[in-house]
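Chemist: kindly generate the corresponding structure for this input.
(2 chains, ligands or ions: 2)
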Amino acid sequence: MPFGPIIRAMRHNRMRFAFIILEIAITLAIVTNAVNMILDERKKMLQPSGFDDDNLVSIAYQPFAPEFKEQSYVEALVQKDMRAIHSIPGVKAVATTYFLPWQGGGSSGVWKTDRFNGKFQAQLYAARGEIFQTLGVKVTQGRAFVETDTPVDSNVPTRVTIISRALAKKLWGNANPIGHVITNGEGATPRTVIGIIDDFYNPYAWNIGEFVLFTPGRAYDTTGAVFLVRTEPGAMKSVVAQLEPRLLSVNPGRVFRIVKISDLKDQYFSGGKLVIRAMTAIIIILVFITALGIMGISSLAVAERTKQIGTRRALGATRADILKHFLLENWLVTTAGLILGVIGAYGLNVLLVSKLSDVKMQWELVAGGMVLLWINGLMSTVPAAMRATLVPPSIATRSV
Amino acid sequence: MLEMTHIKKIYRTISIETHALEDLSLSVKAGEFVSVTGPSGSGKTTFLNVAGLLDTFDSGSYILDGKDVSRLSDREMSQIRNRTIGFVFQSFNLIPDLNVFDNVDVPLRYRGLPATERKARIENALSMVGLSARVRHLPSQLSGGQQQRVAIARVLAGDPKLILADEPTGNLDSAMSREIMDLLGKINDNGTTIVMVTHNAECSERAHRQLHVFDGRIADVDRPRVVLGSPVATPGLTATLN
Ligand SMILES: Nc1ncnc2c1ncn2[C@@H]1O[C@H](COP(=O)(O)OP(=O)(O)OP(=O)(O)O)[C@@H](O)[C@H]1O
Ligand SMILES: [Mg+2]
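Modeler: Ligands and ions are numbered 1, 2, ... in the order given. Predicted coordinates for the structure are as follows:
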């Protein structure tokens, strides 16, 4: 392989090759990072929430009838409403809670506990009814809430809590968490852990998605209530159709809003989907532009060297030698660009990690990007290189 | 060395046919130095292209160095051009991006010679043309005469049996032309066959035999001249004039 003379000859066209090397380097750097972001978004989308998302629906009401001004009336009505929902065929479980998977509805707070150094962050949700059956989360240790866990007086704070396995593990390792006490950041309102749920993961809560405290509180008052309903698989449509009529027959003095959790999930990912679409477009455009650039440069290289190609043919180069010459030249340029691009890919990643995304660059991705751009470079040179092989040797004796 | 009989070459474009070579027959013996003259457009370059396997021909037969070369693949023709023939062009045809050393190296690489042998051949050839001190120069940094000497070194390094030259002094002044002709004469003295197309009468005089091309046919201009120390050929020429 005539590397030496090709490299020495290329030095005379430094600017042109520098341009294309830079273009390839930038493309590799951006493409690998774009793919990295796409993979990250996809990973987030594929991570299971731990809830029975497709079979969950929430229905909330806002009252306008005067009787809702009485807390005692609301207390009784919520019980009636829950029984009414339960009686709809295809309903598996129902609870009242502000918590909406993929959205939130609770609060996140700072907590303290025994045997754990310092404070920790976790989500907090109040719920009443069969909340864990509704979510599709199992109580793996201790017990679920019972009616008596909720204080009769709504101004009295709750005394018990059920937390996620991940939180228990973080706080007490493998020790038995049941009986431990969690207080708020100031050390007030102590709550005893009575049960552990698994798997709990609410993607909406980002880095504390796995850490949760449930309390047996009220998710309703004189201004309205929210019910979370779990249906049998396939029963969503018929249940949704009956929810409003059933509750209206209990009390018609209110308006309803129904939200399917699968819609919340789609909404939650709309940003991610946009990122994926934008990144895909960027990748396609960049690879295309690079291909065009290489095509242009190799076309120019062949066109302005017609005489030289003819001379080489006259001096004994076969068509294969000419093809090899141009492919090799391109290969050198592409490789130089890719080497620079690897540095760029990691550099850009470091920049992005501190600014935008939180994912480290995978070497497999960089390797894959290199292979893609190598092939891209080769394919883009082939047309011009093929044209070069068609230059007849008699060009060598042609004057001008 | 070179045996052409009834060679015909027609250039075809969509609108016109040009009969560039019309029944050309010619024989050149090994060791001869033959010059070819003729008016512009008479077919001299076409003849040289056919002789050098740079171009194909339409009919007739051509025996080169004892081998029928009328029906060879492109690959085989490339190989013969590379090993048997050396070309000297009017405009030197050096590769502008390569220095003197790499230029002389070009045909040797296509021959696949090992690096040490190539280096020895290149250095030897450059010293024969007196350019040993210019190996790192680019063609653009050399005079026309020097560039043509590099081209001749490129031929010498390949050690061909036949040299084909198309107006090798066409772009040079008379002093430089003489230099180049001296070189070619010396190379011929060492036994290499030379066929040279030229417009220059003085250059033509250097040859053993002067041929004239007219309308794609070839004719012997004068009797073969005896040059001391070189093998004298009986002209094996079948000339057909209109
Ligand atoms: N590639 C080509 N396509 C078409 N016609 C051609 C081609 N090359 C040469 N010809 C024609 O063939 C004829 C012979 O051309 P050639 O180049 O052999 O002449 P020449 O004797 O070398 O002339 P000059 O002294 O000007 O170099 C001319 O009429 C020319 O126009
Ligand atoms: Mg000519």
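Chemist: can you count the residues close to the closest residue to ligand 1 within the stretch 201-350 of chain A?
Modeler: The minimum distance from the stretch 201-350 of chain A to ligand 1, using Cβ to the nearest ligand atom, falls at residue A:310 (11.8 Å). (Each C-beta comes from the backbone N, C-alpha and C, glycine too.) Per other Cβ atoms under 10 Å in any protein chain shown, the neighbour tally for residue A:310 reads 22.
Chemist: residue B:3 too?
Modeler: 17.
Chemist: distance of the closest residue to it other than its chain neighbours from residue B:50?
Modeler: Closest residue to residue B:3 apart from its sequence neighbours, by Cβ to Cβ, 6 or more residues apart in numbering or on different chains: residue B:63 at 4.0 Å. Going from residue B:63 to residue B:50 by Cβ to Cβ, to the nearest Å gives 13 Å.
Chemist: looking at those two, which is more packed in?
Modeler: residue B:50 (25 against 15).
Chemist: that one against residue B:7, yeah?
Modeler: Yes. Using Cβ atoms under 8 Å, residue B:50 makes contact with residue B:7 at a distance of 6.3 Å.
Chemist: which neighbours do those two have in common?
Modeler: B:21, B:57, B:62 (Cβ atoms under 8 Å, 6 or more residues apart in numbering or on different chains).
Chemist: out of those residues, which one sits closest to residue A:228?
Modeler: Among these, residue B:57 lies closest to residue A:228 (Cβ to Cβ), at 91.0 Å.
Chemist: next helix or strand past the longest helix anywhere in chain A?
Modeler: Longest helix in chain A, counting residues (DSSP state H): helix A:261-303. The helix or strand immediately downstream of helix A:261-303 is helix A:306-314, counting by DSSP states H and E.
Chemist: just the buried positions in that next one, please.
Modeler: A:307, A:308, A:309, A:310, A:311, A:312, A:313, A:314 (16 or more other Cβ atoms under 10 Å in any protein chain shown).
Chemist: pretty sure the first one contacts residue A:394?
Modeler: No. Residue A:307 is not in contact with residue A:394 according to Cβ under 8 Å; the separation is 11.4 Å.
Chemist: so where's the chain uncertain?
Modeler: Using chain A here. For chain A, the stretches flagged by pLDDT under 70 are A:1-2, A:115, A:117, A:355-358, A:400.
Chemist: switch to chain B, please.
Modeler: Scanning chain B with the threshold set as pLDDT under 70 gives B:220-242.
Chemist: give me the phi and psi for the residue nearest the centre of it.
Modeler: Computing the C-alpha centroid of chain B and ranking residues by Cα atoms, centre = their mean puts residue B:164 first, at 0.9 Å. The phi/psi pair for residue B:164 (degrees, to the nearest 10) reads phi -110, psi 120.
Chemist: gap between it and residue B:32?
Modeler: For residue B:164 relative to residue B:32 (Cβ to Cβ), the value is 13 Å.
Chemist: same question, residue A:132
Modeler: Residue A:132 is 106 Å from residue B:32, by Cβ to Cβ.
Chemist: higher neighbour count, those two?
Modeler: Between residue A:132 and residue B:32, counted using other Cβ under 10 Å, residue B:32 has the larger neighbour count: 26 against 20.
Chemist: still on that earlier bit, now render the shared contacts of residue B:50 and residue B:7 as a markdown table, adding distance to ligand 1 and secondary structure.
Modeler: Shown next, in a markdown table, are these (distance: Cβ to the nearest ligand atom, whole Å; DSSP: H, G, I helix; E, B strand; the rest coil):
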| residue | distance to ligand 1 | secondary structure |
| --- | --- | --- |
| B:21 | 8 | strand |
| B:57 | 12 | coil |
| B:62 | 16 | strand |
